[in-house]
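Novice: Sequence plus the predicted model coming up.
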Amino acid sequence: MKKIKHLYFILLFINFISWSQDTILPDSLSIMNRFNSLDQAFIGKDTAMLDKLLHKNLTLGHSNGWVETKMNALETLMKNGVIYHSIQIIGIPKIEYYSENIITTRRNINVIGILKDKTFNVFLNVLEIWTCETGNWQLLARQSVKSN
């Protein structure tokens, strides 16, 4: 499993380098670590980590039309409204836009879990907007749509 993760990060880094001939994205590995940390925090219900990763003005749009704030997302997670068993990145995430303090990413994920006692397994295309404040990248906005 570790070999697969290392290969994944190497391929991702090569993708970032080839994205622009003479520009390497600022903190690209940091953003990849944020993806992993975010997904693992949702799976593990790690509210302390989510508090660090989620911006205070977060808007989180789910594929079913449900929209949450940071407070709503943390409450739902703690009240067992949703239980995530697995969040897997499919393919290589893309950086669509970046500046010194904003990065827009797009990635495909497969999410398996339980919502209101019903199991779900859904493939999603996720658009995320990350902002950097005082050196800390946080998720400001996320919108997911069902994908095939």
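Specialist: Nice, thanks for sending it over. None of these values were measured; they are calculated from a predicted model.

Novice: what's next to the helix or strand harbouring residue 143, contact-wise?
Specialist: In this assignment (DSSP states H and E), residue 143 forms part of strand 136-146. Strand 136-146 has contacts (CB atoms under 8 Å, 6 or more residues apart in numbering) with 27, 30-31, 34, 38, 52-55, 57-63, 103, 109, 122-132. For glycine as for every other residue, the C-beta is placed from the backbone atoms N, C-alpha and C.

Novice: Which members of those residues are classed as buried?
Specialist: Among those, those classed as buried by 16 or more other CB atoms under 10 Å are 27, 31, 34, 38, 53-55, 58-63, 103, 109, 122, 124-126, 128-132.

Novice: Now do the same contact list for the residue nearest the centre of the chain.
Specialist: Centroid check for the chain by CA atoms, centre = their mean gives residue 35 as the closest residue, at 4.4 Å. Counting by CB under 8 Å, 6+ apart, residue 35 touches 89, 93, 105, 107.

Novice: In those, which has the lowest confidence score?
Specialist: Across the contacts of residue 35, the smallest pLDDT goes to residue 93, namely 89.

Novice: That one - nearest residue in space that isn't next to it in sequence?
Specialist: residue 107 (3.6 Å; CB to CB, 6 or more residues apart in numbering).

Novice: can you confirm the one you found is in a strand?
Specialist: Yes - assessed by DSSP: H, G, I helix; E, B strand; the rest coil, residue 107 belongs to a strand.

Novice: That one touches residue 95, doesn't it?
Specialist: No - under the criterion of CB atoms under 8 Å, residue 107 is not in contact with residue 95, lying 10.0 Å apart.

Novice: That's all I had, so thanks and see you.
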